[in-house]
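Peer 1: Provide a 3D model corresponding to the input given below.
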Amino acid sequence: MGVRPPNNDDIEEGPDIVEFGIAALDAELDQRDLEFPTDTESLRREHGDLTVPIDAAGTEITLADALDRTAVERFETERELLDVLHPVFEQQRQETSRGILRQLRGLLPF
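Peer 2: Numbering: from 1, shown residues only. Down below sits the predicted model:
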């Protein structure tokens with residue numbers, strides 16, 4: 001996913017869109033030397049520290065944490081990896097947004 005960053009007249013250059021979730025992971029994996037097929041242990045060891053934003057606010061999850069939430073141990077293709085991790089990213093994004101909404105509701109007197 002991606003969204004346009006907020007306008008800032010002071011900055012002349014910047015990204016046209018801010019990528020997060022699977023789109024951000026896909027872009028990052030394209031920049032790394034990653035070969036398929038691969039397994040979760042190799043991914044954790046070599047790329048587990050990779051942080052991926054899961055929402056437009058910049059909330060992040062590491063690849064290792066995302067892999068820990070799956071039962072899949074081997075990935076034949078990058079597409080398979082992305083397909084398996086997509087629901088993990090969505091669940092984390094929803095849990096994070098619910099937590100923020102809950103905090104905001106707690107601040108309101110009604």
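Peer 1: can you give me the strands for this structure?
Peer 2: 2-3, 18-19, 38-39, 51-53, 60-62, 74-75 (DSSP state E).
Peer 1: quick one: contacts of the third one?
Peer 2: Residues external to strand 38-39 that are found in contact with it (C-beta atoms under 8 Å, 6 or more residues apart in numbering): 73-75, 81. In short, each C-beta sits where N, CA and C put it, glycine included.
Peer 1: Identify the bridge partners of residue 38.
Peer 2: residue 75 (DSSP bridges).
Peer 1: tell me the contacts of residue 86?
Peer 2: Residue 86 sits next to 21-22 when contact means C-beta under 8 Å, 6+ apart.
Peer 1: and with 7 Å instead?
Peer 2: residue 22 (C-beta atoms under 7 Å, 6 or more residues apart in numbering).
Peer 1: mind checking pLDDT for it?
Peer 2: Note on residue 86: pLDDT of 96.
Peer 1: Residue 94 too?
Peer 2: 86.
Peer 1: distance of it from residue 36?
Peer 2: Residue 94 is 29 Å from residue 36, where distance means C-beta to C-beta, to the nearest Å.
Peer 1: remind me which residues of the chain are low pLDDT?
Peer 2: 1-16, 98-110 (pLDDT under 70).
Peer 1: Count the residues that sit near residue 40.
Peer 2: Residue 40 has 20 neighbouring residues, counting by other C-beta atoms under 10 Å.
Peer 1: ok, and the closest non-adjacent residue to it?
Peer 2: residue 67 (4.9 Å; C-beta to C-beta, 6 or more residues apart in numbering).
Peer 1: circling back: if you rank the contacts of strand 38-39 by neighbours, which is first?
Peer 2: residue 81 (27 neighbours).
Peer 1: ok, so what distance separates that residue from residue 73?
Peer 2: Taking C-beta to C-beta as the measure, residue 81 falls 12 Å from residue 73.
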